[in-house]
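Asker: Just need the structure, nothing else, for what follows:
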Amino acid sequence: MNDAREIALAKIQTVKDKKFRELDLSDFYTRGKLTKIPPEVFELEWLESLDLKGNQLEKIPETITRFTNLSVLNLKGNQLTEIPKVITRLTNLSVLNLGSNQLREVPETISQLTNLSRLNLMDNELREFPEAIVHLTNLSVLNLGSSVLKADMGNKLKKFPEAIIHLTNLSQLDLSGNQLKTIPETITRLTSLSVLDLSGNQLERIPENISRLTNLSQLKLGNNQLKRIPETINRLN
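Answerer: Okay, the predicted model is just below:
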């Protein structure tokens, strides 16, 4: 038994004995990493939060659907190449972190997670905006950014996803590190935005009417190709 599994089993037993609602099996560092979710985890059907960040998981088993009360699932920093459709049956999820995996697409079934308020897809391998996300109308935080500088790695969205304007509850939107060249005027429909990160793209201009986003407290535009900044930007907080 490797150290990671041994530590995991000890944590699982503690949660089982104490009936804790949260289980943290993240970041084992030098003690090895989990390549599979220990089956003992799925005995904890009352869990509301499961953290599996920083392991080497490639697949998520169907048995994860036993967690009918799960509201927080952290799978950041694993080796997932696709979002398991079984996850989309966890309809009580409010926070889903899938950042730093190897995802190239998002299944249509993600639209079933209607209670999601925070979705992190940063640092994957997305080339197009996942249209199904627009049905997640309760989203307040959406991260599609990329911190990976290599041209063939990380998210590389080339077009601003106009469909995002339907997510009117968004307060934070991160599209940094992509390959966006333009931002449509319709972005001003996202009137709840307080944080907008467009840094590290290929923008040459931003809409003159961006000042209509009167709730913005943070607007990040660094590392673009902007030739001018609209004077109206001074009206923002």
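Asker: middle-most residue in this protein, spatially?
Answerer: For the chain, residue 120 is the residue whose C-alpha lies nearest the centre (Cα atoms, centre = their mean; 0.7 Å).
Asker: Please look at that residue and residue 103 and confirm they touch.
Answerer: No - checked against Cβ atoms under 8 Å, the pair residue 120 and residue 103 is beyond contact range at 11.1 Å. Placement of C-beta: from N, CA and C, glycine included.
Asker: which stretches of this protein form helices?
Answerer: 3-18 (DSSP state H).
Asker: Now for residue 173, how many residues are close by?
Answerer: For residue 173, the count of nearby residues is 23 (other Cβ atoms under 10 Å).
Asker: Surely residue 197 touches residue 175?
Answerer: Yes - using Cβ under 8 Å, residue 197 is in contact with residue 175, at 6.6 Å.
Asker: and for the two, which residues touch both?
Answerer: residue 145 (Cβ atoms under 8 Å, 6 or more residues apart in numbering).
Asker: Tell me the pLDDT of residue 229.
Answerer: Residue 229 carries a pLDDT score of 85 in this model.
Asker: right, I mislabeled it, should have said residue 151
Answerer: In this model, residue 151 carries a pLDDT of 62.
Asker: Compare residue 197 and residue 175 and say which is more crowded by neighbours.
Answerer: Ranked by neighbour count (other Cβ under 10 Å), residue 197 and residue 175 place residue 175 first, with 25 against 20.
Asker: check contacts around that one.
Answerer: 144, 145, 157, 160, 197, 198, 201.
Asker: do you know how far residue 133 is from residue 22?
Answerer: Residue 133 sits 26 Å away from residue 22 when distances are taken as Cβ to Cβ, to the nearest Å.
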